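Chemist: fold the following.
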Amino acid sequence: MADVIYNERYRLDAKIGEGGMAVVYRGYDLILRRQVAIKVLRPAFSADAAFVARFDFEAQAAAKLSHPNIVTTYDVGKVDGDHYIVEEYVPGETLATLIARQGRLPESVAVRYARQICAALAAAHRQELLHRDIKPSNILITREDVVRVADFGIAHAVDESAFADRGSGEDVVLGSLPYCAPEVLTGGRVTEASDLYSLGVVLFEMVAGVRPFSGTDPDALADAIVRDPAPDPRSKSAEISAHFAGIIARLLRKQPEQRYGSAGEVLAALRQIVRVPAEDDDAEEEAGPDAPTEILRRRARQTMVEAGAKPLELPALPPPPAWRAGRTLAYAGIIVALALVIALVVAARQASSHDMRVPDLSGKSIAESIATLHSLGIDNVAIRQGPDPIVQGGLVAGTDPSLNQRVAPGQTVTLLVSTGPPTVDVPNVLGQEPNNAQEFLTAQGFLVRVGAKVHSATIRQGLIAATNPAPGSPLGKGGTVVMSESLGPALVTVPNVVSLTEDEARKMLAKLGLKLAVNSQVSVNNIPADIVLSQDPSERGSLAPGGTVMVDVSAGPAAIEVPMLVGQTLDAARQTLSGLGLSIGNVVQADVPDKPPGTVVSQTPGAFARVAQGAAIDVVVSAGATTGPAAPAQSSPPSSSAPTIPIPNVIGMPLDQAKGVLERNGYQVNRVIVAGSATDAKVLSTDPPVGTTPSSNAVNLIIGR
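Modeler: Numbering: from 1, shown residues only. Below is the predicted model of the structure:
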C-alpha cells in the first residue's frame with residue numbers, strides 16, 4: 001500500500017483485519033519507533049458527530065486501563081476526517097481464528113482463557129468501563145498463550161449511538177448480534193452482567209465449537225437469544241465437567257440479576273473447577289455455581305434438622321475396660337500420628353497458597369515490572385539487556401523464568417529488558433544512481449522508499465543527495481530508508497545592482513553567496529565614475545550559489561590626453577584641439593625674441609595631461625602674431641581709469657593664476673614678456689612693480705623659469 005502517515009507519526013504498513021465499524025492496520029510509531037495496531041473508523045461512523053464525540057471519550061477512558069490481559073490503548077486522533085485509535089500491537093492470533101482452526105477447545109484450555117478474560121473484565125469494570133463487544137475476534141492469544149482483550153470502550157460508543165437511533169424510531173442494533181445479551185436487544189439497561197452474558201457465549205463456543213443460538217436471519221437469531229433457553233454445551237458434544245457447564249449456564253441466563261454479580265465472582269467459580277474431583281460428575285452438578293449459595297446453606301440446615309429429629313438408636317455401651325498402659329501408649333501414638341498428618345496437610349496448603357508464577361510483564365517499564373513482582377512476593381529481581389525486534393527499547397521483553405512458570409521462594413526472576421530492535425549502520429549511497437542505490441539497500445535487508453527531491457550544492461541532479469536516516473546512523477534490521485534525489489544546487493535570484501557603486505553591489509551580492517566581476521569601464525559624461533551601468537544576469541535572473549554577476553562600470557566623463565601645442569602656430573594648435581574635441585582658451589601674447597610671431601610658446605594644461613572632453617586649453621603666443629578674431633586673450637584694451645589699491649604680489653605664480661589675481665583687484669595684463677623658457681614659466685616681475693599704485697590699470701608681466 002502507498003505510504004500513509006497520520007499526524008506525521010503513525011505509518012500504516014499493512015491491513016491485518018476488518019470489522020463492522022473499523023479497519024485494522026499494522027502500523028509503526030515513527031517517534032517511539034515501535035510497531036502498533038491502528039484502528040481506523042469506517043466513514044459511516046466518522047460522519048456521525050454524536051458517535052465520534054462518544055467514541056473519543058470512551059477511547060480516552062480505555063487508554064487509562066493498564067492490565068496484563070488488556071491491550072493497551074496508546075493514542076486517539078483524527079486526520080483528514082479519519083478517526084483512529086492507536087493500540088499495542090500483539091503478535092499472535094485471535095480466539096476466533098483458534099476456534100476456527102481447532103474446533104472445540106479442551107476444558108483446561110477454555111478455563112485458562114476464561115480466567116484471563118474475567119481478570120480483564122474485572123479490571124475494566126472497576127474503572128466503570130463496560131466492554132459491550134466481548135467476542136472471539138476481540139480476544140487475542142499471544143505466542144506465549146496469554147489472553148489480551150482488545151477494543152475496550154469502542155463498543156460502548158457504538159452501543160450508545162445505536163440506541164440513540166432506536167429512540168428515534170429506527171430498529172437498529174450495532175454490534176455483534178450473536179454475542180449480545182437479551183437486555184441489549186430489548187432496549188433494557190446495560191450493565192456489567194451484559195458483558196458476562198457475552199463471556200458465556202464465548203465460553204460456550206470455545207468448548208462446543210458452535211454458538212448457543214442460531215437463526216436463519218438476524219431477526220430470528222435475536223428472537224432465539226431473547227426467548228429460547230440456552231442449551232447445555234454438553235448436548236453439542238462438549239467434553240466438559242458439570243461444574244464448568246453450570247458456570248456457562250448461569251452466565252447465559254436471560255435475566256441479568258440471575259447471572260453472576262461480577263467478573264470477580266465468575267473468576268472465583270472458575271478457580272473452584274480444579275478442586276472438584278473429575279470423576280464425581282453428580283457432586284459437581286449439585287455444587288455447581290448455578291445453585292445459589294443461600295439455597296445450599298438452607299439445604300444443609302434442613303438436613304441437620306431432619307437428622308436431629310430422628311436420632312439414631314445406638315446399642316448400650318459395654319462397661320469400660322480395665323486400665324491398661326499398653327492401650328494408653330497406643331492411643332498416644334495414634335494422636336501423634338494424626339497431629340503429624342494434619343501438620344503436613346496444613347503445610348502443603350500453605351505452600352500451595354504461596355505458589356508464585358511469573359506474570360506477563362511484556363511491554364512494561366522496569367519500575368512497573370519490579371513493583372508487580374514485589375507485590376507477588378518475588379523480591380529477588382535481576383535485569384539483563386538485549387535487542388528485541390518488537391519491544392521498544394527500555395521496556396521489558398520477557399522474563400527468565402518465562403511466563404506462568406513457578407517461582408520458588410527466594411528464586412531470582414530476571415527481567416529481559418529490550419534495547420530496541422537489532423541495529424545496523426545505514427550504508428552510504430549518496431551520489432549513486434537511484435536504481436543502483438535501491439538495489440544495494442534492499443540487498444542489505446532494508447525497506448526502501450523514495451522521498452521528496454532536495455537541492456544539493458555538491459551532488460548533481462538525478463543522483464541520491466540524502467537518505468533518512470543519514471548514512472552511518474543506526475537503524476533496526478529491516479527498517480525503512482527514505483532516499484531523496486538531487487535537484488542540483490538551489491538557484492539564487494539575482495537582485496538589481498544597477499546605479500549602485502561597485503563596492504555597494506559587491507557587498508549586496510556577497511550576502512546572497514554571489515560574486516561580482518567588472519566586465520568593462522565605460523566613460524560617460526553625465527554619470528560619475530564607479531557607478532554600475534549594466535549587469536548580467538539581469539534582475540530576477542537565477543544563478544547557482546557562488547555564481548558571478550558581470551557588470552559594466554562608469555569611468556566618469558571621457559578623459560582626453562592634451563597634445564603638445566608648443567611650437568605650433570596658433571591656427572595649427574586650434575585645429576589640433578578641435579580634432580580631439582578640445583578648444584583654444586585664453587590667448588596671451590608675449591615678447592619672445594627667438595620665436596616667430598604667432599608661435600605657441602606655452603600651454604595650460606601642459607602636454608600629456610588628461611582633461612574632460614570639450615575642455616579649453618590656454619596658450620601663450622609670441623608677440624606680433626595674427627590671431628584672428630579669437631586670438632587675443634584680452635577682450636578690450638586696458639582701461640585708463642586709475643586703480644585704488646596697489647598691484648598685488650603675483651611673483652612666483654603661474655601665468656593664469658597671476659592674471660586671475662590681478663583681474664580681481666581691478667588690473668588687466670597688458671603684455672607678457674618671456675625671459676628664457678616659456679615652458680612651466682612663472683611670474684618673475686611686474687611692470688609697474690608690485691606694491692605700487694600706477695595711474696592706469698595696465699600691468700606687464702615678465703615670466704620665465
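Chemist: give me the number of residues near residue 128?
Modeler: Look at residue 128: counted by other Cβ atoms under 10 Å, it has 8 neighbours. (Each C-beta comes from the backbone N, C-alpha and C, glycine too.)
Chemist: let me fix that: residue 35
Modeler: Residue 35 - counted by other Cβ under 10 Å - has 18 other residues nearby.
Chemist: thought residue 89 was touching it, still the case?
Modeler: Yes. Here residue 35 reaches residue 89: they are 4.3 Å apart, a contact under Cβ atoms under 8 Å.
Chemist: what is in contact with those two at once?
Modeler: Common contacts of residue 35 and residue 89 (Cβ atoms under 8 Å, 6 or more residues apart in numbering): 26-27, 390.
Chemist: ok, these vs residue 253, which is closest?
Modeler: Proximity of the shared contacts of residue 35 and residue 89 to residue 253 (Cβ to Cβ) peaks at residue 26, which lies at 39.5 Å.
Chemist: hmm, that closest one is touching residue 39, no?
Modeler: No. In this structure, residue 26 is not within contact of residue 39 by Cβ under 8 Å, at 11.2 Å.
Chemist: compare the two (neighbour count), which wins?
Modeler: residue 39 (23 against 17).
Chemist: contacts for the one helix or strand residue 448 maps to next, please.
Modeler: Assigned by DSSP states H and E, residue 448 belongs to strand 447-450. With Cβ under 8 Å, 6+ apart as the test, strand 447-450 has contacts from 3, 434, 438, 441-442, 478-485.
Chemist: for the helix or strand just after it, packing partners?
Modeler: Per DSSP H and E, the first helix or strand lying C-terminal to strand 447-450 is strand 464-468. Applying 3 or more Cβ pairs under 8 Å, 6 or more residues apart in numbering; DSSP states H and E, we find strand 464-468 packed against strand 480-485.
Chemist: ok, the strand it packs on: who's next to it in the sheet?
Modeler: strand 447-450 (parallel), strand 464-468 (antiparallel) (DSSP bridges).
Chemist: dump the ones you listed to JSON lines, plus mean neighbour count.
Modeler: Supplementary listing: the strands paired with strand 480-485 in JSON lines, determined by neighbours: other Cβ atoms under 10 Å:
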{"stretch": "strand 447-450", "mean neighbour count": "14"}
{"stretch": "strand 464-468", "mean neighbour count": "20"}
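Chemist: and the ones you listed: which comes nearest residue 225?
Modeler: When those are ranked by proximity to residue 225 (Cβ to Cβ), strand 447-450 comes first, at 47.4 Å.
Chemist: just how off-centre is the closest one within its chain?
Modeler: Here strand 447-450 is found 18 Å from its chain centre; the criterion is Cα atoms, centre = their mean, to the nearest Å.
Chemist: same check on stretch 364-375?
Modeler: Its chain's C-alpha centre and that of stretch 364-375 lie 31 Å apart, by Cα atoms, centre = their mean.
Chemist: which residue comes closest to residue 191 once chain neighbours are left out?
Modeler: Closest residue in space to residue 191, ignoring its immediate chain neighbours: residue 256 at 6.0 Å, by Cβ to Cβ, 6 or more residues apart in numbering.
Chemist: buried residues, stretch 499-511. List them.
Modeler: 500-502, 505-506, 508-509 (16 or more other Cβ atoms under 10 Å).
Chemist: oh sorry, the question was meant for stretch 607-622
Modeler: For stretch 607-622, using 16+ other Cβ under 10 Å, the buried residues are 611, 615, 617-622.
Chemist: can I get that stretch as CSV, trimmed to CA atoms?
Modeler: Extracted in CSV, the C-alpha atoms of stretch 607-622 (Å, rounded to 0.1, in the frame of the first residue of the first chain):
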residue,chain,number,x,y,z
ALA,A,607,51.1,68.4,-22.9
PHE,A,608,50.1,64.8,-22.0
ALA,A,609,47.7,66.0,-19.2
ARG,A,610,44.2,64.4,-19.2
VAL,A,611,41.2,66.6,-19.5
ALA,A,612,37.5,66.1,-20.0
GLN,A,613,36.0,66.3,-23.5
GLY,A,614,35.3,69.9,-24.5
ALA,A,615,37.9,71.4,-22.2
ALA,A,616,39.7,74.7,-23.2
ILE,A,617,43.5,74.9,-23.4
ASP,A,618,45.1,78.3,-22.6
VAL,A,619,48.1,79.3,-24.7
VAL,A,620,50.8,82.0,-24.9
VAL,A,621,52.0,83.0,-28.3
SER,A,622,54.9,85.2,-29.4
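Chemist: any idea of the mean pLDDT for it?
Modeler: Average pLDDT, stretch 607-622: 85.
Chemist: likewise for stretch 78-97?
Modeler: 89.
Chemist: how about the helices in the stretch 601-705 of the chain?
Modeler: 655-664 (DSSP state H, counting those that start in this stretch).
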